[in-house]
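In: Give me coordinates for this.
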Amino acid sequence: MVFYCVPASIVFLATVRALMKDDSTPNTDQFSWLLIGVATLAWPITLPMILRKKIADAAQARSVSSLNHA
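Out: So this is what the prediction gives:
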């Protein structure tokens with residue numbers, strides 16, 4: 001049970017954080033919350049995709065930063 005709940009909590013927190021940062025969608029949008037629920041339940045699929053996106057964004061930010069300092 002813990003094996004399922006811990007990663008599901010990570011996905012839930014990551015998606016809620018993204019929703020809170022998004023100015024184009026109101027936080028009361030029911031469809032957004034439905035998608036957060038689906039993403040949380042399907043964490044074996046969504047968690048690797050979320051991590052890949054975050055790693056790619058960090059790598060891109062690092063390369064842009066190094067180009068600006070060169």
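
In: can we go C-alpha only for contacts and neighbour counts from here?
Out: Fine.

In: Regarding T25, what is its secondary structure?
Out: coil (DSSP: H, G, I helix; E, B strand; the rest coil).

In: Kindly report the same for the one 3 residues further on.
Out: Under three-state DSSP, T28 falls in the coil class.

In: residue contacts, I50?
Out: For I50, the contact set (C-alpha atoms under 8 Å, 6 or more residues apart in numbering) comprises V11.

In: go with 10 Å
Out: 11, 14-15, 43, 56 (C-alpha atoms under 10 Å, 6 or more residues apart in numbering).

In: Could you identify which of those residues has the most neighbours?
Out: Most neighbours among those, by other C-alpha atoms under 10 Å: V11, with 25 neighbours.

In: what about the closest residue to that residue other than its chain neighbours, distance to S65?
Out: Using C-alpha to C-alpha, 6 or more residues apart in numbering and skipping residues adjacent in sequence, the residue nearest V11 is T40, 5.5 Å away. Remark: distance between T40 and S65 (C-alpha to C-alpha, to the nearest Å) = 33 Å.

In: coming back round to it: may I see the contacts of I50 arranged in TSV, with secondary structure as well?
Out: Shown next, in TSV, are the contacts of I50 (three-state DSSP):
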residue	secondary structure
V11	helix
A14	helix
T15	helix
W43	helix
A56	helix
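
In: Find the pair from the residues you listed with maximum spatial separation.
Out: W43 and A56 (19.2 Å; C-alpha to C-alpha).

In: now the helices: where do they sit in the protein?
Out: 2-21, 30-41, 43-69 (DSSP state H).

In: residue contacts, W33?
Out: Here W33 is in contact with 15-16, 19, 27, 39 (C-alpha under 10 Å, 6+ apart).

In: coming back round to it: least reliable of the helices of the chain by average pLDDT, please.
Out: In terms of mean pLDDT, the lowest-scoring of the helices of the chain is helix 43-69 (a mean of 86).

In: in that helix, what's buried?
Out: Under the neighbour-count criterion of 16 or more other C-alpha atoms under 10 Å, helix 43-69 has 43, 46-47 buried.
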